[in-house]
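[1] Only the shape, not the letters, is given here:
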């Protein structure tokens, strides 16, 4: 089967994969197992499988893909577990270090907010009096 970027356009391929295909195969390519396998890391053949394979061929592809995904998940599980263990330990150490600083920060923030509120209360009273006097002047009192 000969495939071109134009064919991918007609089949409504996504732009990213269409452009990737055009870079790999600017004049198109006759598909073969060798071509497909050699470019498995550079191009996603999943979409092509859905559009270019027969219904039975795609069903077989989909089943093989599910099995490969399950094997991938099983293969990376130890690394995933080690990753989460490492970041949990790092997060615990980080939190232990920053907790005293956070307490000081929050205390300073609360004091500053209280001082701001006190100043705002006074300024708001002055503002309300100024508005009241301006209104009284506006109506000729």
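    Now that the structure is in, tell me what you want to look at. Since this is a predicted model, take the numbers as computed values, not measurements.
[2] those helices in the protein, which residues are they?
    Taking DSSP state H to define them, one finds helices in the chain at 5-10, 15-24, 33-38, 46-52, 55-138.
[3] Could you list every helix and strand that the second one packs against?
    The helices and strands touching helix 15-24, judged by 3 or more Cβ pairs under 8 Å, 6 or more residues apart in numbering; DSSP states H and E, are helix 5-10. To be clear about C-beta, it is placed using only N, CA and C from the backbone, and glycine gets the same treatment.
[4] in the helix it packs on, what's buried?
    5, 7-8 (16 or more other Cβ atoms under 10 Å).
[5] between these, which is closest to residue 81?
    Nearest to residue 81 among those is residue 8, at 39.3 Å by Cβ to Cβ.
[6] Quick check: closest non-adjacent residue to the closest one.
    Spatially, and ignoring its direct neighbours in sequence, residue 8 is nearest to residue 18 (4.7 Å; Cβ to Cβ, 6 or more residues apart in numbering).
[7] So that neighbour versus residue 71, what's the distance?
    29 Å (Cβ to Cβ, to the nearest Å).
[8] can you pull the contacts of the spatially most central residue of the chain?
    Centroid check for the chain by Cα atoms, centre = their mean gives residue 16 as the closest residue, at 17.5 Å. For residue 16, the contact set (Cβ atoms under 8 Å, 6 or more residues apart in numbering) is empty.
[9] re earlier: neighbour-wise, which of residue 18 and residue 71 wins?
    Per other Cβ atoms under 10 Å, whichever of residue 18 and residue 71 has more neighbours is residue 18, with 18 against 10.
[10] Against residue 65, how distant is that one?
    Counting by Cβ to Cβ, the gap from residue 18 to residue 65 is 21 Å.
[11] Next: residue 130.
    Remark: distance between residue 130 and residue 65 (Cβ to Cβ) = 73 Å.
[12] still on that earlier bit, model confidence score at the residue nearest to the centre of the chain, please.
    At residue 16, the model reports a pLDDT of 92.
[13] pLDDT-wise, which helix or strand of the chain ranks last?
    Least confident helix or strand, the chain: helix 46-52 with a mean of 88, by mean pLDDT, DSSP states H and E.
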